[in-house]
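Participant: fold the following.
(4 chains)
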There are 4 protein chains.
Amino acid sequence: MIDTEKARKIFDRDRYAKLSGVELVEAGSGFCTARMKVDDRHLNAANVVQGGAIFTLADFAFAVASNSHGQLALAINVHISYLQAVSAGTLYAVASEVDTPKRLGVYEVIVKDEQERIIATFNGMVYRKNKKVAGL
Amino acid sequence: MIDTEKARKIFDRDRYAKLSGVELVEAGSGFCTARMKVDDRHLNAANVVQGGAIFTLADFAFAVASNSHGQLALAINVHISYLQAVSAGTLYAVASEVDTPKRLGVYEVIVKDEQERIIATFNGMVYRKNKKVAGL
Amino acid sequence: MIDTEKARKIFDRDRYAKLSGVELVEAGSGFCTARMKVDDRHLNAANVVQGGAIFTLADFAFAVASNSHGQLALAINVHISYLQAVSAGTLYAVASEVDTPKRLGVYEVIVKDEQERIIATFNGMVYRKNKKVAGL
Amino acid sequence: MIDTEKARKIFDRDRYAKLSGVELVEAGSGFCTARMKVDDRHLNAANVVQGGAIFTLADFAFAVASNSHGQLALAINVHISYLQAVSAGTLYAVASEVDTPKRLGVYEVIVKDEQERIIATFNGMVYRKNKKVAGL
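Facilitator: Numbering: from 1, shown residues only, chains lettered A, B, ... in the order given. Next up, the predicted model:
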């Protein structure tokens, strides 16, 4: 079974999440919370957080939640809606499982700021391979 | 009018694209090509390029193409499909305008590798503000 | 303020929903439940409910929920994921508001069958016009 | 191999498409054109074509194109963007294959009116079962 400790060990190997300052807060079976403290590196030419940075935060929580059952899950598509531009503060992504895990799985991720305003909603689908997640 | 030179100057301020190693190759009215040479920083825990890195490459081309008319365009949502996992080489994102620019605009971005294999398709919508893009 | 009665009167004019056998169950501020009893007319060439029929059920609940505040809301895009094929029974769509209504609004619709299995998830965005919904 | 004749015979069993007045115009390996003459049955409460009717037209072309190789393909998700409201005339949906067919496949459908204005863009993904399409 996954727990926050184990998840941290495994997903610590995600170099792009690390580069982006994404941290795992909590993980369990079918869910994950991650956070990202916004700083200068995340800003785009219009001085707001780049869509890719928000996506990466959400995608990381999605990856942890969808791989939490121990079977390798690959993202096959994602839909993200941006509700609010943001340029400072800490963002939180909470990923949860929409349905019981099968070959295909659907996950929902909500990205909020510290004032609980919704910054983005993210809906992702995975395809599960006949392979174990290394370390789980 | 936008050209590659001008676009480079403006979008050079995109710090997250820079952090991610995304480079502008060519830009014009309603289109943009960008590239990203894959290296260790882009990899996830499964040792393939993180979905967020591919998204960021595509999102950058989308931002340049949708802002190319000089009116500030904010991404409101994006759908991305991943067709092929990738772990090395250079990726190219080509963004083009689906329809003539209005208040809402739709853009399509195709991400390919050097062998012209499609890595991802990206479909994004922008909302145009009554504001100019600084520098255009 | 909207209520189920008023919503029924207004959305009774939706001829495509009617053709498809979609019925309004309950409506309120920012939410709606609709249902569709599956019969032969909904089936595709593979003898399962056509994706368009499931979409139409969800889209109707989305339209009612997003127009419930009295300001005309037009769908600008939708993402739907199909989790389970279905060929009989009654389907229910429950639409709810992800965030407080603004110029752009995001709605989530869950389609379930009578056994509470999730058939589809639907995520839609509207753009609000400076116009009232006739009858609200 | 599929051709228009064969495709018509098979997809004539799609009762929801028939109810919606969707007709197959042309089909081949990995592509399909379908059309729908707008009439009163397609209109919603705001007197424009219901989003579900446009979706159903596009979805039909998507189903034909994605099943054209003879292996049963089920839609797993779709993203649709609406660019233009419409209330009369004939709509055309052209579906094409984004990539060579594999277990997962991505299709793009463009919906236009007779004046070649883009009404909607539709991006769909299928999962292929180990089963043949009956009649192909």
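Participant: max-length helix in chain A?
Facilitator: Longest helix of chain A, by residue count under DSSP state H: helix A:51-67.
Participant: moving C-terminal of that helix, what's the next helix or strand?
Facilitator: Next helix or strand after helix A:51-67 toward the C-terminus (DSSP states H and E): strand A:71-82.
Participant: how about the helix or strand following that following strand as CSV, C-alpha atoms only?
Facilitator: Remark: after strand A:71-82, the chain's next helix or strand is strand A:90-97, criterion DSSP H and E. Extracted as CSV, the C-alpha positions of strand A:90-97 are listed here (Å, rounded to 0.1, in the frame of the first residue of the first chain):
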residue,chain,number,x,y,z
THR,A,90,1.3,29.0,-2.8
LEU,A,91,-0.9,26.8,-5.0
TYR,A,92,-2.3,23.4,-4.0
ALA,A,93,-3.4,20.6,-6.3
VAL,A,94,-5.7,17.9,-4.9
ALA,A,95,-6.2,14.9,-7.1
SER,A,96,-8.9,12.3,-6.6
GLU,A,97,-10.2,9.2,-8.4
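Participant: close to chain B: what parts of chain A are there?
Facilitator: With the criterion set to Cβ under 8 Å from any Cβ of the partner chain, chain A comes near chain B through A:10-17, A:19-20, A:40-47, A:49-53, A:55-56, A:59-60, A:63, A:72, A:74-82, A:85, A:134. Where C-beta positions appear, they are placed from N, C-alpha and C, glycine not excepted.
Participant: those residues also near chain C: which ones?
Facilitator: Among the residues of chain A next to chain B, the residues lying close to chain C (Cβ under 8 Å from any Cβ) are A:His79, A:Ser81.
Participant: what subset of the residues of chain A next to chain B is buried?
Facilitator: Buried members of the residues of chain A next to chain B, scored by 16 or more other Cβ atoms under 10 Å in any protein chain shown, are A:10-11, A:14-17, A:19-20, A:41-46, A:49-53, A:55-56, A:59-60, A:63, A:72, A:74-82.
Participant: measure how far the longest helix of chain A is from the centre of its chain, please.
Facilitator: 2 Å (Cα atoms, centre = their mean, to the nearest Å).
Participant: dump that helix to PDB, restricted to CA.
Facilitator: What follows is helix A:51-67, C-alpha atoms only, in PDB (Å, rounded to 0.1, in the frame of the first residue of the first chain):
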ATOM      1  CA  GLY A  51      -0.200  27.700 -17.800                       C
ATOM      2  CA  GLY A  52       2.500  25.000 -18.100                       C
ATOM      3  CA  ALA A  53       3.500  25.500 -14.400                       C
ATOM      4  CA  ILE A  54       0.000  25.100 -13.200                       C
ATOM      5  CA  PHE A  55      -0.400  22.100 -15.400                       C
ATOM      6  CA  THR A  56       2.800  20.500 -14.100                       C
ATOM      7  CA  LEU A  57       1.600  21.000 -10.500                       C
ATOM      8  CA  ALA A  58      -1.700  19.300 -11.200                       C
ATOM      9  CA  ASP A  59      -0.100  16.700 -13.400                       C
ATOM     10  CA  PHE A  60       2.200  15.600 -10.600                       C
ATOM     11  CA  ALA A  61      -0.700  15.100  -8.200                       C
ATOM     12  CA  PHE A  62      -2.500  13.200 -11.000                       C
ATOM     13  CA  ALA A  63       0.500  10.900 -11.600                       C
ATOM     14  CA  VAL A  64       0.900  10.100  -7.900                       C
ATOM     15  CA  ALA A  65      -2.900   9.400  -7.400                       C
ATOM     16  CA  SER A  66      -3.200   7.300 -10.600                       C
ATOM     17  CA  ASN A  67      -0.100   5.200  -9.900                       C
END
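Participant: by how many degrees do that helix and strand A:71-82 diverge?
Facilitator: Here helix A:51-67 points in a direction 150 degrees away from that of strand A:71-82 (axes from the mean of the first three to the mean of the last three Cα atoms, to 10 degrees).
Participant: list the buried residues of the longest strand belonging to chain A.
Facilitator: Longest strand in chain A by number of residues, with DSSP state E as the criterion: strand A:118-132. Under the neighbour-count criterion of 16+ other Cβ under 10 Å, strand A:118-132 has A:Ile118, A:Ile119, A:Ala120, A:Thr121, A:Phe122, A:Asn123, A:Gly124, A:Met125, A:Val126, A:Tyr127, A:Arg128 buried.
Participant: what are the pairing partners of it, and which direction each?
Facilitator: strand A:71-82 (antiparallel), strand A:104-112 (antiparallel) (DSSP bridges).
Participant: what mean pLDDT does the last one get?
Facilitator: Strand A:104-112 shows a mean pLDDT of 97.
Participant: beta partners of whichever residue of chain A sits closest to chain C?
Facilitator: Using Cβ to the nearest Cβ, the closest approach of chain A to chain C is made by A:His79 at 3.7 Å. Residues in a beta bridge with A:His79, per DSSP bridges, are A:Asn123, B:His79.
Participant: isn't it right up against B:Asn77?
Facilitator: Yes. The pair A:His79 / B:Asn77 is scored as a contact, 6.9 Å apart, by Cβ atoms under 8 Å.
Participant: contacting residues for the closest residue to A:Leu74 other than its chain neighbours?
Facilitator: Distances taken as Cβ to Cβ, 6 or more residues apart in numbering or on different chains put A:Tyr127 closest to A:Leu74, at 5.4 Å, once the chain neighbours are dropped. Shown in contact with A:Tyr127 (Cβ atoms under 8 Å, 6 or more residues apart in numbering or on different chains): A:Ala73, A:Leu74, A:Ile76, A:Arg103, A:Leu104, D:Leu104, D:Tyr127.
Participant: what's the most distant pair in the residues you listed?
Facilitator: The span of these, defined through Cβ to Cβ, is set by A:Ala73 and D:Tyr127 at 14.6 Å.
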